[in-house]
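Q: Got a predicted structure plus its sequence, pasted below:
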Amino acid sequence: MGSLSKLLTYSCYELGHTWHPNCYHACFEISLLTFIESCKIYGVVYLVSALIRGKRISPEYGKKLLSDFLRSACFLTTNGFLYIGFFCVIRNILQHVNVITASFLPAFFASLTAVMIERPERRSLLAIYVTNVASECVWNSLLSRGIVRSVPRGEVYIFMAAMAVLGYSFRSTNPLSPSLNSILQLFVGPGESGAVVANTAASQMSREPQVDTTRQTRQNSWISALTSVLWSRHSLCPHRGSCLLNTSWGVCCLCRWIRGKDEASHGTLAGAVAGMAMYFYSAPSIALYLLWKTFEALYDDGCKSGKLPRIPGSVIIMYSISTAYLFHMAALEQYNLKPSYWRFLQRLTWGRMGEYNRYLLDEFGLGSSRNFDGVWPKYKEGFISESFKAKLASHIHAAS
């Protein structure tokens with residue numbers, strides 16, 4: 001049984017960059033590989049983005065696109081290069097590796113430096129993405145230790161909660177996030193947007209004549225109400241056609257008929273009901289991402305209203321901590337890391353992330369070598385210590 005307080009005295013080569021004994025060469029190799037892959041990744045991202053926007057390719061736009069592309073590629077390259085660099089520097093200063101410096105601390109400093117290179121408007125997007133992945137890994141880690149229990153279809157409840165908040169925001173005249181509001185309009189149309197509903201209701205009230213008492217009495221009977229729901233629309237509804245057809249997209253019409261008024265709170269119920277769609281198509285990553293975007297919108301709204309303090313550099317810190325945790329998981333608890341993110345790290349480093357000697361990290365008692373099939377990296381004999389040679393020999397003997 002290992003201990004998290006253990007100090008490992010192995011060299012950088014023996015533990016970390018096992019593909020080459022020289023620290024400088026290993027860092028240069030990683031920087032070259034990550035730059036090649038970064039160009040491939042961001043080349044596709046920026047090309048697709050340009051096509052979607054449908055902008056005419058002018059010399060000025062092309063120059064900006066190339067600048068943004070190179071900046072993003074350099075950001076990702078720096079993240080990979082400095083991860084190895086800081087690992088070597090910290091190990092040489094301390095002359096040992098502990099559970100924090102094995103991966104988390106080098107990754108934190110690397111991410112903190114690298115994200116400053118990326119464009120400011122992309123930092124929030126990156127922070128939300130890695131925090132989303134990191135939160136999923138935290139849950140997996142707690143689950144594997146028996147600290148929490150699995151919640152059947154938990155993503156449905158998460159998605160419903162996020163959609164309830166966003167539904168209220170969408171029906172409000174002052175939405176939390178214009179970007180999220182625009183996305184919701186793509187699915188439910190602009191007609192149910194709070195501002196549109198308010199304007200429609202005001203214009204209709206100004207031009208609709210007063211109804212007589214006899215008709216009002218008929219409207220109050222349940223038969224007339226049912227008939228109206230089937231074949232007409234409520235006077236407060238902004239949509240066209242009958243409310244029955246429109247209700248198939250949400251429940252705001254139904255709330256108007258039941259309560260006789262229109263409120264933003266109807267969007268809360270409509271959003272929660274819409275969130276139940278996650279039951280038919282399970283996507284935990286989407287549910288978590290939407291939850292974090294909702295938290296971001298709520299926090300930003302609280303800061304604008306003066307109810308919450310705006311923390312300087314919070315986006316950068318959130319990105320750095322989340323990325324550092326993901327690299328920590330990749331090194332020490334790869335089995336709890338999201339598979340897609342592990343494949344991304346492997347692709348970015350051309351498999352070098354998988355060459356970390358996790359059998360040495362087993363001394364921390366986290367089962368780091370799980371999923372690595374008992375195969376040790378191939379070392380150059382002249383660059384490893386005598387004590388490590390003995391350990392390697394005992395491993396080979398035990399395996400045989």
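A: Perfect, I can see it now. Numbering: from 1, shown residues only.
Q: Please tell me I have it right and residue 136 contacts residue 285.
A: Yes. In this structure, residue 136 is within contact of residue 285 by CB atoms under 8 Å, at 6.9 Å. No exception for glycine: its C-beta is placed from N, CA and C like everyone else's.
Q: Between these two, which is the more surrounded one?
A: Neighbour totals were compared for residue 136 and residue 285, and residue 136 leads with 19 against 14 (other CB atoms under 10 Å).
Q: is it fair to say that one lies in a helix?
A: Yes. Counting by DSSP: H, G, I helix; E, B strand; the rest coil, residue 136 is found in a helix.
Q: Distance check, it against residue 336.
A: According to CB to CB, to the nearest Å, residue 136 and residue 336 sit 9 Å apart.
Q: Residue 3 now?
A: Distance from residue 3 to residue 336, by CB to CB: 20 Å.
Q: Tell me which of those two has more neighbours.
A: Neighbours were counted for residue 3 and for residue 336 using other CB under 10 Å; residue 336 has more, 21 against 10.
Q: my guess is that one contacts residue 329, does it?
A: Yes. Using CB under 8 Å, residue 336 is in contact with residue 329, at 5.8 Å.
Q: intersection of neighbour lists for the two?
A: Common contacts of residue 336 and residue 329 (CB atoms under 8 Å, 6 or more residues apart in numbering): 137, 141.
Q: re the thing from before, so what sits against both of residue 136 and residue 285?
A: In contact with both residue 136 and residue 285: residue 338, using CB under 8 Å, 6+ apart.
Q: tell me what the helix or strand harbouring residue 299 is packed against?
A: Assigned by DSSP states H and E, residue 299 falls within helix 284-304. Packing contacts for helix 284-304, counted by 3 or more CB pairs under 8 Å, 6 or more residues apart in numbering; DSSP states H and E, involve helix 120-144, helix 154-171, helix 178-188.
Q: Need the winner for burial among those.
A: helix 154-171 (a mean of 22; mean count of other CB atoms under 10 Å).
Q: and the angle from that helix to helix 120-144?
A: Interaxial angle of helix 154-171 relative to helix 120-144 (axes from the mean of the first three to the mean of the last three CA atoms, to 10 degrees): 150 degrees.
Q: what angle separates helix 154-171 from helix 284-304?
A: Using the same axes, to 10 degrees: helix 154-171 against helix 284-304 is 40 degrees.
Q: how deep is residue 51 tucked in, by neighbour count?
A: Neighbours of residue 51 using other CB under 10 Å come to 9.
Q: roughly how far apart are it and residue 45?
A: Residue 51 is 11 Å from residue 45, by CB to CB.
Q: about what we covered before: closest one to residue 392 among the helices and strands packed on helix 284-304?
A: When the helices and strands packed on helix 284-304 are compared by CB to CB, helix 120-144 sits nearest residue 392, at 29.2 Å.
Q: Give me the most central residue, the protein.
A: In the chain, the centroid-proximal residue (CA atoms, centre = their mean) is residue 129; its distance is 2.6 Å.
Q: give the contact list for that residue.
A: Neighbours of residue 129 in contact, by CB under 8 Å, 6+ apart: residue 289.
Q: got it, and residue 388?
A: 10-11, 14.
Q: make it 6 Å
A: residue 14 (CB atoms under 6 Å, 6 or more residues apart in numbering).
Q: So which bits of the host helix or strand of it are buried?
A: For residue 388, the enclosing helix or strand under DSSP H and E is helix 386-399. Within helix 386-399, the residues that count as buried by 16 or more other CB atoms under 10 Å are 388, 391-392.
Q: which of the helices and strands packed on helix 284-304 has the lowest average pLDDT?
A: Lowest mean pLDDT within the helices and strands packed on helix 284-304: helix 178-188, a mean of 65.
Q: if we can go back for a sec, residues making contact with the helix holding residue 299?
A: 128, 131-132, 135-136, 155, 158-159, 162, 165, 176-177, 308, 310.
Q: List the residues that contact the closest residue in space to residue 156 that isn't next to it in sequence.
A: With sequence-adjacent residues excluded and distances taken as CB to CB, 6 or more residues apart in numbering, residue 156 is closest to residue 278, at 4.6 Å. Contact analysis of residue 278 by CB under 6 Å, 6+ apart lists 155-156, 159.
Q: rerun at 7 Å
A: Under the criterion of CB atoms under 7 Å, 6 or more residues apart in numbering, the neighbours of residue 278 are 155-156, 159, 287.
Q: Also residue 33?
A: By CB under 7 Å, 6+ apart, the neighbours of residue 33 are 349-350.
Q: at 8 Å what do you get?
A: 80, 348-350, 352.
Q: May I ask which of the residues you listed has the most neighbours?
A: Result: residue 80 is most packed of these (other CB under 10 Å), 25 neighbours.
Q: Now the nearest residue to it once chain neighbours are set aside: which helix or strand?
A: Counting by CB to CB, 6+ apart, the nearest residue to residue 80 once its immediate chain neighbours are dropped is residue 34, at 3.7 Å. Residue 34 is part of helix 23-53 when elements are defined by DSSP H and E.
Q: For that helix, buried residues please.
A: Those would be 23, 26-27, 29-31, 33-35, 37-39, 41-42, 46, for helix 23-53 by 16+ other CB under 10 Å.
Q: Could you do stretch 66-77 as well?
A: Buried-residue list, stretch 66-77, by 16+ other CB under 10 Å: 68-69, 72-77.
Q: Give me the subset of those that lies in helices.
A: 68-69, 72-77 (DSSP state H).
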